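# give me a 3D structure for the following:
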Amino acid sequence: MKIALHQNDGLATLTPEGGIDERAAEALRLRFEELDAASIKELTFDFRHVDFIGSAGISKMILIYKLLTGYGRRKIRVVNVSPIVFELLSVVKLDTLFDVSAAR
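Model prediction:
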């Protein structure tokens, strides 16, 4: 899975492409570990190219949330979310941990 990564001035963005199954979820975690987590004030998951997320992907997002909040209060956003992924994130209540916004 291709996952673009950008970090600048406390802002970081992870942009995965494709469905986030077990293998892709582990790739997402590994890509996150390339970041300087202590300096991140806001993390954005850009899901513009994500059409599926499984339980492993949800677990890794929660793990990343726990890692970041270990450094203090951090903002995490999930943007450009497809309708089906948006519904899933809402059903499992991830919209209570993350600021989730649908694709336009």
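# what about Gly18, distance to Val100?
According to CB to CB, to the nearest Å, Gly18 stands 19 Å off from Val100. Where C-beta positions appear, they are placed from N, C-alpha and C, glycine not excepted.
# looking at those two, which has the bigger crowd around it?
A count of neighbours by other CB atoms under 10 Å puts Val100 above the other of Gly18 and Val100, at 19 against 13.
# who is the more buried one paired with across the strands?
Val78 (DSSP bridges).
# isn't it up against Asn80?
No: Val100 is not in contact with Asn80 according to CB atoms under 8 Å; the separation is 10.3 Å.
# so what's Arg104 up against?
Asn80 (CB atoms under 8 Å, 6 or more residues apart in numbering).
# so what pLDDT did it get?
Here the pLDDT value assigned to Arg104 is 78.
# okay, and the residue nearest the centre of the chain sits in which element?
Geometric centre of the chain, nearest residue: Phe45, 3.8 Å, by CA atoms, centre = their mean. Assigned by DSSP states H and E, Phe45 falls within strand 42-46.
# quick one, the next helix-or-strand element following that strand and strand 42-46 angle?
The helix or strand immediately downstream of strand 42-46 is helix 55-69, counting by DSSP H and E. Counting by axes from the mean of the first three to the mean of the last three CA atoms, to 10 degrees, helix 55-69 lies at 160 degrees to strand 42-46.
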